[in-house]
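Novice: Okay, predicted coordinates and the sequence, questions at the end:
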Amino acid sequence: MSKNEIIVKGARENNLKNISVKIPKKKITVFTGVSGSGKTSLVFDTIAAESQRLLNETYDSFIRHRLQQYGKPDVDSLENLSVAIIVNQKKIEGNARSTVGTITDIYPLLRLFFSRIGKPFVGHSTSFSFNNPQGMCSCCEGLGKTSIVNLDKLIDKERSLNEGAIRFPTFEIDGWRWTRYVYSGLFDNDKKIKDYTEEEWHNLVYANDLKLTNPDSRFPKTGIYEGILPRFERSFFKKESKEIIGKNASRYKEVVKQGLCPECSGTRLNPQVLACKIEGKNIADCCNMQIDDLLEFIRTLKDSSVTPLLDTIIKNLENLLAIGLGYLTLSRETSSLSGGESQRIKLIRHLGSSLTDLTYIFDEPSVGLHPNDVQRLNKLLIELRDKGNTVLIIEHDPDVITIADHIVDMGIGAGKSGGNIVYEGDLEGLKKAETATGKYINRKNQLKAKYRRASNYLLVKNNSLHNLKNISVQIPKDVLTVITGVAGSGKSSLAKSLTNQNKEIVVIDQSALRGSKRSNIATYTGILDVIRKLFTQQNRVKQSLFSNNSDGACPECKGLGIISTDLAFLDAVEVRCEHCNGSGFKPEVLKYKLKDKSITDIMAMTISEANTFFSEREITQPLNRLREVGLDYLTLGQPLNTFSGGERQRLKLATELGNKGNIYIFDEPTTGLHGSDISKLMKLFNKLVDDKNTVIIIEHNMDIISQADWIIDMGLGAGKDGGKIIFEGVPKDIIADKVSLTGKHLELYLHHG
């Protein structure tokens, strides 16, 4: 038995069909196959989960109970596992105090650097931390932002106090805060606010701790008068008010906006710390510079007393640059990073590590990357392997698949049709294999033959949102336009400015779906109501029995199918409910059948199976749309909170099919899609345009770009080097453009095969 291979025997996790496989160690293995074919079940739910579980078992019980819990995967045996480092697309969770600088550990190095050679000396490294009382701005407490009340939204000057001029709950007519103003004796309560004198306006809005001389007898005897602003700020800013979180949240968001802290201008630090400089720049100046500019600045600094520290900072900044993130700043909040950016940030944290013999596991690392940046990503993945590590990658992008030493292709389809290994070997062998991936890699790429003509144009005028350089552009209507360019070039900013100027635009992105953790495909599409009626008619019992949110709910797990244990400051631990076996229904409900199937049997059906099982049009029509967008492998009962970003986007797309006269913006809709499914998606986009809709797609994928009617290419680089329109026109003309990186890669794409 070779120690140079990870050996998996009899894997049955999720849809895996009792598979066995040998994966070479210290090599790059890429796992391919359509969405839902079993790649994640094999790599994450079997190999990674068992590696993490075994590692956790080496700790004592005190530590073990504080780590994430992993169950033993359904597999006969796993041999020669090494410690697994999981680098996934999960967005980096973090509060407002977590930045690119803190998450990459570059900010602590800068703090040390400034404490050593910054002038004047203001203290040790901790003094430069915005999370430490010594360093933070006292006004915003190190957040860089403060809440600002929009008085125009809060006060309607066309009304009097008696007409409800203060437009916020508890300040409205007869609200208990309203009484403090109408009983103060300061105002004519029937006088419109717009007619107030300067003194009356000041007293209404800004006055604080005012001793009243002639209040109404109903004004509280011990009460001190305060204006609307100080009262609002005291009530809602100084504490986490339950009033905000509750029913008033949407109104609060209209009235209150986050703005830069007026004292520190968003730097998060106090004046003393900001006075400490190196070559005219303080630490906040450095954090607000683009990483490529910061690297240039740091390289100019020479001081033999801190040479090792400078070298480390330079190396870390170079890593960020190498992975195409040179357009970020260290002050950028981690919560604002995309999934692809988050994954690349995690990757660079491991590049400088001295550890070897690890297994690195990546989930579609090319997501959100222009082909120009994928080449740089590939170099880093090869670098990880060459340090003596095993690299396992789930990927659809042919450019990443080409660097594989070994390929494991899963299939043949998705869901119950997947779970098998359909090919193992090198790239040349895959090209000869008759699998969906083999055929896709081997395809002949072509440009669209005929371009649609615009019926009219959407205009963006003189826009400078984010990094846009005062651009104006015409976007054709009733055609398919693709906005291209490297990550950070301004594609999303252009789309955002377009939606700001055209409120009728429908944005279909990968953000979370509406609904709670009890929501699933059946509830989202509305077909569960029809299914419950059918059960009621068949069994002559009340409809609520077939809802796990009502009378049918399992009493143990309250219909959730899982029992969750809150561990306070740790992640909650979730286990399948044994009483209902994870279905969420009372066991006695299962005796009621519809064509020999119980409600749990039906919720476990895939969309394809349910489409065959039911003949009712109210059920089959929504299911057909889900099949059209390539989601036929999902089950009716799959919770919405388990969907990937790409699946969420395609579910939203399904609800739009058949609509006419709309303007749609799609944000990287090919995320998580196998090449063979992209052609199906392309048919849907064409169908939308043929139905007189305007479709605008932000995309890096050449399969989509090559089939556009019109291309708007942003660039040339990212951040400050982007924000310009490099090219506008039809795909065949961008190839001749000598400046466009997209044109260069489109030409390479067409010469493939």
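Specialist: Nice, thanks for sending it over.

Novice: CA only for contacts and neighbour counts going forward, please
Specialist: OK.

Novice: Need the phi and psi values for residue 549.
Specialist: For residue 549, the backbone dihedrals (degrees, to the nearest 10) come out as phi -110, psi 0.

Novice: and the closest residue to it other than its chain neighbours, how many neighbours?
Specialist: Spatial nearest neighbour of residue 549, excluding adjacent residues (Cα to Cα, 6 or more residues apart in numbering): residue 559 at 6.0 Å. By other Cα atoms under 10 Å, the residues close to residue 559 number 24.

Novice: right, and the helix or strand after the lowest-mean-pLDDT helix or strand in the chain?
Specialist: Least confident helix or strand of the chain, by mean pLDDT, DSSP states H and E, is helix 242-245 with a mean of 48. Going down the chain from helix 242-245, the next helix or strand is helix 249-255, by DSSP states H and E.

Novice: elements contacting that next one?
Specialist: Applying 3 or more Cα pairs under 8 Å, 6 or more residues apart in numbering; DSSP states H and E, one finds that helix 249-255 contacts helix 151-154.

Novice: Give the helix, strand or coil label for the residue nearest to residue 549.
Specialist: coil (DSSP: H, G, I helix; E, B strand; the rest coil).

Novice: shouldn't it be in contact with residue 579?
Specialist: No: look at residue 559 against residue 579 with Cα atoms under 8 Å: they stay out of range, at 10.8 Å.

Novice: Check residue 569 and give its pLDDT.
Specialist: You'll see residue 569 listed with a pLDDT of 43.

Novice: What of residue 42?
Specialist: With respect to pLDDT, residue 42 has a value of 98.

Novice: Secondary structure element holding residue 489?
Specialist: Assigned by DSSP H and E, residue 489 belongs to no helix or strand.

Novice: Relative to residue 724, how far out is it?
Specialist: Taking Cα to Cα, to the nearest Å as the measure, residue 489 falls 8 Å from residue 724.

Novice: Quickly list what's touching both of those two.
Specialist: 714, 715, 716 (Cα atoms under 8 Å, 6 or more residues apart in numbering).

Novice: can you give me the helices for the stretch 401-550 of the chain?
Specialist: With DSSP state H, counting those that start in this stretch as the criterion, the stretch 401-550 of the chain has helices at 427-432, 436-441, 491-501, 521-525, 527-539.

Novice: about what we covered before: of residue 489 and residue 724, which one has the most company?
Specialist: residue 489 (26 against 23).

Novice: What's the separation between the more buried one and residue 346?
Specialist: Computed as Cα to Cα, the residue 489 to residue 346 distance reads 22 Å.

Novice: Next, count neighbours for residue 622.
Specialist: 20.

Novice: That one and residue 523 touch, don't they?
Specialist: No: contact criterion Cα under 8 Å: residue 622 and residue 523 do not qualify, at 11.6 Å.

Novice: Quick one: low-confidence residue ranges for the stretch 501-650 of the chain.
Specialist: By pLDDT under 70, the low-scoring segments of the stretch 501-650 of the chain are 515-516, 565-573.

Novice: for the stretch 251-400 of the chain, same thing?
Specialist: Flagging of the stretch 251-400 of the chain using pLDDT under 70 yields an empty set of residue ranges.

Novice: Kindly recompute the last result at 90.
Specialist: Scanning the stretch 251-400 of the chain for pLDDT under 90 picks out 251-259, 319, 321-325, 335-355, 367-369, 372-373, 375-377, 380.

Novice: what comes up buried for stretch 152-167?
Specialist: Under the neighbour-count criterion of 16 or more other Cα atoms under 10 Å, stretch 152-167 has 153-157, 159-162, 164-167 buried.

Novice: would you list these in a markdown table and tack on distance to residue 282, pLDDT and secondary structure?
Specialist: Formatted as a markdown table, the buried residues of stretch 152-167 follow (distance: Cα to Cα, whole Å; pLDDT from 0 to 100; DSSP: H, G, I helix; E, B strand; the rest coil):
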| residue | distance to residue 282 | pLDDT | secondary structure |
| --- | --- | --- | --- |
| 153 | 38 | 92 | helix |
| 154 | 38 | 93 | helix |
| 155 | 41 | 95 | strand |
| 156 | 44 | 95 | coil |
| 157 | 44 | 95 | coil |
| 159 | 49 | 95 | coil |
| 160 | 50 | 96 | coil |
| 161 | 49 | 96 | helix |
| 162 | 52 | 95 | helix |
| 164 | 49 | 94 | coil |
| 165 | 46 | 95 | coil |
| 166 | 43 | 95 | strand |
| 167 | 43 | 92 | coil |
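
Novice: which pair in those residues spans the largest distance?
Specialist: Greatest spacing in the buried residues of stretch 152-167, by Cα to Cα: 153 and 162 (17.8 Å).

Novice: Could you report the pLDDT at the closest residue to residue 717 other than its chain neighbours?
Specialist: Closest residue to residue 717 apart from its sequence neighbours, by Cα to Cα, 6+ apart: residue 489 at 5.8 Å. On pLDDT, residue 489 comes in at 92.

Novice: do you know how far residue 489 is from residue 656?
Specialist: In this view, residue 489 and residue 656 are 29 Å apart by Cα to Cα.

Novice: and if you look at residue 480?
Specialist: The value you get for residue 480 to residue 656, if Cα to Cα is used, is 16 Å.

Novice: swap in residue 24?
Specialist: 45 Å.

Novice: So which of these two has more stuff around it?
Specialist: Ranked by neighbour count (other Cα under 10 Å), residue 24 and residue 656 place residue 24 first, with 19 against 16.

Novice: what's the closest non-adjacent residue to that one?
Specialist: Nearest in space to residue 24, with sequence neighbours left out and distances taken as Cα to Cα, 6+ apart, is residue 5 at 4.4 Å.

Novice: Torsion angles phi and psi at the one you found?
Specialist: phi -140, psi 140.

Novice: pretty sure it is touching residue 80, no?
Specialist: Yes: using Cα under 8 Å, residue 5 makes contact with residue 80 at a distance of 6.7 Å.
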